[in-house]
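Undergrad: let's see this in three dimensions:
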Amino acid sequence: MSNIRHISLISHVKNMLLPIIFVSIIAMMVIPIPPILLDIFFTFNILIGLVVAMVSLNTNRPLDFSSFPTVILLSTVLRLALNVASTRVILVNGHNGANAAGDIIKTFGEFIIGGNYAVGILVFAILIIINLIVITKGAGRVSEVSARFTLDAMPGKQMAIDADMSAGLITNEVAKQRREDIARESDFYGSMDGASKFVKGDAVAGIIILLINIVGGLVIGTLSHGLPLAEAADFYVRLTVGDGLVAQIPSILLSLATAIIITRVSEKQELDREMASQISLPKAWIPVTGIMLLMGLIPGIPIIIMWTAAGISGYFAWKFQMKEKISSSELSNDDSMGSNDDTSNNNEIQISDISETGRIRIEIGYALTKMLEEGEQSPLVVRITGIRKKLSRKYGIVIPVVRIRDNISMEPQNYNIAIGSVVVGEDKVFPSHLLAINAGNVKLSLPGIKTIDPSFGLESVWIEQHDKDRAKSAGYTVVDPGTVIATHLSQVLEYYIEDLIGQDDVQGLLDNLAESSPNLVSNIVPKLVPLHTITQILKNLLAEKVSISDIRRILEAISLHATSSKDSRELTEKIRPSLGWLIVQNLGDLRSPLQVTTMDTSLESLLLQGLQQGGDQLNIEPSLLQKVGSLINDEHKRAVSNSRPLVIVTSPAIRYPLFSILRSFVNDIVVISIKEIPDTKKVEIVSTIGK
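TA: Predicted coordinates for the structure are as follows:
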């Protein structure tokens, strides 16, 4: 019980800490403070400045220190309150000499400036110029520009999040978190834009307080205490300069912290590591070494110091060159790294997961290897994880491991995607650029490398990083190279989804089902239907984007028709009506009517006649086929513009032959028969195709 009370007391004290500090700051402005308390508060002020500066240096991204604008305000008010308190002490007790305002002001007034108040005034003026003109003004400008561009970029960032979520690259929870981060980022930079004015005002106030203390001290010292002008100047100016210097040090620290925070752009690593990685270029250090050696030969230059600096530069050039060679060697050995499947309990894919030989392979040119420098944290690796999990959940199969390897025989910016030994997709990306995709409603032309988006076939342009905000404001969808490759991979895998499952995979699904339904599995496989037939039926379903996640329902449907046919295609067509909800569940909102396109009666009769003449295939005249294909393409464009799939409803007899033909015109077309639509599912006919 006593421990609970103790914890409760500590909690109450913590809750009261900020109000106590706030009231204490206000009190310092109106209540006289003895010199010993001034020493304590000045020490505390310097401590705060150092802590804030160190936190700023070790912050990975600005939002990690989102309370910084409030810290700026409180620190500025504390320093101004100390200036008011010290001014009161100096003007009241300054005639008593150097000890009148405490030991810290005395030390800064004597030791640091050598006891010469003229030197102190000059040093103080230089510090003010550095703080006000250089640091504060620059930080204020960066804050203003950052706030403006952050607000302008918000709509584009929201669209990018929606695009990633639609592509399955991120979950709803991640999308929600990113939206919150965008809102916090906007609030942060807006607050920083205003908070930078506090820092600037603090520097200006330091100048005004210095002048007031000097003039006021001379007047009070000569008129009230009868001191000679020289002696009054010695006392009051020395104390005033010491007071100004002890206040300017934490002020400069806070200004530097502000500048560091708002110029921080990396979210991936700490500032010291980021700077070290970016300046470790041997090509930059080698010429520096040569120039320093040559400068040592100039008459009058201290050759020992200059050549020592050249030696240090040469050492760093050699060290960075060795590090670069080691990194290249490690990269070339990526093929030997192991992998783990996503079916393990680990929710994060490892770099080894995509380096193992598998059925899915991505080969990249050497210029793209930098996209994997961060290992398992590389955006491309993370996106591949999202793609595999999304497709696995959607279709009910385990998407095989993706292997990424470099191929020096390829063009540096090229990549290809292969399933087995067949290359099914290829394109080119520029790792230092961004892809601006024109969805069709953008007229502004951007400078860059014109191209076609590999996933959607839209006109696009590779732009420089600094053109990102301009492209977004113009209406382009801007994505990074990793997203381009990942989205392309997602579309390729979905198109060839039936090739990603084999007999071993099907056996794994059956073994898993056998744990809960052993009789169902044992009575069908292999007694009624062999494993290879089951495998082909599942491939047929996947080829038309039907999920096989409900393997129990599929086996039960197979068991009903297994005695009448052994052909996998015939069995597939016979079981589809029993899988109606599996077929239509991904074609739209379950609560809304299924929007479909039908065939004109005369056209459907003509297709039935062609089927009777051609056996298992439709026998259609080429001119009619081209006309139907053109109509299908037009319907597909309308469906895409309305954000819905193109669903064709026809009679069961011609469903599959029609799908086989129309797929060559629209690769994501859905063709279903009337019997496959569940009785309780409402249908809305949006168009009819005639001959």
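
Undergrad: going forward, measure contacts between C-alpha atoms and count neighbours the same way
TA: Fine.

Undergrad: V423 falls within a helix, correct?
TA: No: counting by DSSP: H, G, I helix; E, B strand; the rest coil, V423 is not part of a helix but strand.

Undergrad: what does the pLDDT read for the residue sitting furthest away from the middle of the chain?
TA: Relative to the mean C-alpha coordinate of the chain, counting by C-alpha atoms, centre = their mean, the farthest residue is G226 (68.8 Å). Note on G226: pLDDT of 73.

Undergrad: kindly report the same for A163.
TA: What the model reports as pLDDT for A163 is 65.

Undergrad: okay, now the domains of the chain?
TA: According to automatic domain parsing, the chain comprises the domains 22-272, 280-329, 335-498, 501-583, 587-689.

Undergrad: next structured bit after the longest helix along the chain?
TA: The longest helix of the chain (DSSP state H) is helix 172-219. Sequence-wise, the next helix or strand downstream of helix 172-219 (DSSP states H and E) is helix 229-262.

Undergrad: just checking, what packs against that following helix?
TA: helix 35-57, helix 68-93, helix 103-107, helix 117-129, helix 137-166, helix 172-219 (3 or more C-alpha pairs under 8 Å, 6 or more residues apart in numbering; DSSP states H and E).

Undergrad: output the contacting helices and strands for the fourth one.
TA: What it means is helix 117-129. helix 229-262.

Undergrad: quick one, strands of the stretch 301-450 of the chain?
TA: Assigned by DSSP state E, counting those that start in this stretch, the strands in the stretch 301-450 of the chain fall at 360-364, 402-406, 414-419, 422-428, 434-437, 449-452.

Undergrad: L218 and G300, how far apart?
TA: Distance, L218 to G300, using C-alpha to C-alpha, to the nearest Å: 49 Å.

Undergrad: between these two, which one's more packed in?
TA: A side-by-side neighbour count of L218 and G300, using other C-alpha atoms under 10 Å, places L218 first with 26 against 7.

Undergrad: now do the contacts for the more buried one.
TA: By C-alpha atoms under 8 Å, 6 or more residues apart in numbering, the contact list for L218 reads 229, 232-233, 236.

Undergrad: same check on K137?
TA: With contacts defined as C-alpha under 8 Å, 6+ apart, the neighbours of K137 are K200.

Undergrad: one step back: export the contacts of L218 as CSV, with columns for neighbour count.
TA: Compiled in CSV, those are given as follows (neighbours: other C-alpha atoms under 10 Å):
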residue, neighbour count
L229, 14
A232, 23
A233, 21
Y236, 29
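
Undergrad: those into CSV, with extra columns for pLDDT and distance to V204?
TA: Converted to CSV, the contacts of L218 look like this (pLDDT from 0 to 100; distance: C-alpha to C-alpha, whole Å):
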residue, pLDDT, distance to V204
L229, 77, 27
A232, 75, 25
A233, 73, 23
Y236, 74, 21
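
Undergrad: now, among those, which is nearest to I72?
TA: For those, the closest approach to I72 (C-alpha to C-alpha) belongs to Y236, at 29.9 Å.

Undergrad: I'd assumed I90 was in contact with the closest one.
TA: Yes: when contacts are counted by C-alpha atoms under 8 Å, Y236 is listed as touching I90 (7.0 Å).

Undergrad: name the residues contacting each of the two.
TA: Common neighbours of Y236 and I90 are listed as 213, 217 (criterion: C-alpha under 8 Å, 6+ apart).

Undergrad: what number of residues lie near H636?
TA: So H636, with other C-alpha under 10 Å, has 20 neighbours.

Undergrad: could you find the closest non-adjacent residue to it?
TA: L646 (5.7 Å; C-alpha to C-alpha, 6 or more residues apart in numbering).

Undergrad: any idea how far S687 is from the one you found?
TA: Using C-alpha to C-alpha, we find L646 at a distance of 11 Å from S687.
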